[in-house]
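# build me a structure from this.
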Amino acid sequence: MDTLEAMKTRRSSRSFEDRPVPKEVIAVIEDAIMHSPSGSNAQESHFVIVQNQEQIRRIKRFAQGVSGKPPVLVVLCSNKNEALVRGGVDTLEVLRFVNLGIVASQILLAAQSQGVGSCPARSFHKKSIKEILGLPEEIEPELLISLGYSNEKPRQKTIKSAKEVISHDKYQG
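Predicted coordinates:
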């Protein structure tokens, strides 16, 4: 599937089949992470790919935004210290979140291109997730992405018209 097709067809999956995601697909996700750009080339993020079902069960207890029984969770984390050292105050305060948004998009599209459903979630108890994953003090979990084979058909997407969201040369709302 090409990139534009992945963008057009991707929807959040909140219910998953009871089957593992193959290691070849995990390798594609890892590739997407490794090749994702970061502002100022700060590369201050860290990622924990969780496939152990007991570990996922523990995480889900403190992550109300995670639905179903995903076979994989990707935990996107930021490193405040490294953000400051590698990119300065702007990276610490803003750019690290932009960078995480970029890599999250890369993960979602890579998964879609492999026929794997996904769903990002921000609703979770940070301190508990941090403890479960054994994250050091400077590493903060920021986003969870569920991955797995969807067992339900995604809802139809409705989108506004282009003229409602896109202007050329100056605002034309």
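
# residues contacting the longest helix anywhere in the chain, please?
Assignment by DSSP state H gives helix 96-113 as the longest helix of the chain. Residues outside helix 96-113 that contact it (Cβ atoms under 8 Å, 6 or more residues apart in numbering) are 1, 3, 6-7, 9-10, 25, 28-29, 31-33, 35-39, 42, 44-45, 47, 74, 76, 78-80, 83, 87, 91, 117-118, 120, 142-143, 145, 147. (C-beta placed from N, C-alpha, C; glycine too.)

# same check on stretch 149-162?
Residues outside stretch 149-162 that contact it (Cβ under 8 Å, 6+ apart): 11-13, 15-17, 19, 21, 115-117.

# and the residues you listed, which are buried?
With burial judged by 16 or more other Cβ atoms under 10 Å, the buried subset of the contacts of stretch 149-162 is 13, 16, 21, 116-117.

# returning to that earlier point: what's the PyMOL line that selects buried ones from the contacts of helix 96-113?
Buried subset of those, written as a PyMOL selection, criterion 16+ other Cβ under 10 Å:
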select buried, resi 6+10+25+28+29+32+33+36+38+39+42+44+45+47+74+76+78+79+80+83+87+91+117+118+120+142+143+145+147
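
# out of the contacts of helix 96-113, which are inside strands?
Of these, the ones assigned to strands by DSSP state E are 45, 47, 74, 76, 78-79, 117-118, 120, 142-143, 145, 147.

# against residue 55, how distant is the nearest residue to residue 133 once chain neighbours are set aside?
Leaving aside its chain neighbours, residue 133 sits nearest to residue 48 (5.4 Å; criterion: Cβ to Cβ, 6 or more residues apart in numbering). Distance from residue 48 to residue 55, counting by Cβ to Cβ, to the nearest Å: 9 Å.

# more crowded one of these two?
Just comparing residue 48 and residue 55: by other Cβ atoms under 10 Å the higher neighbour count belongs to residue 48, 19 against 14.
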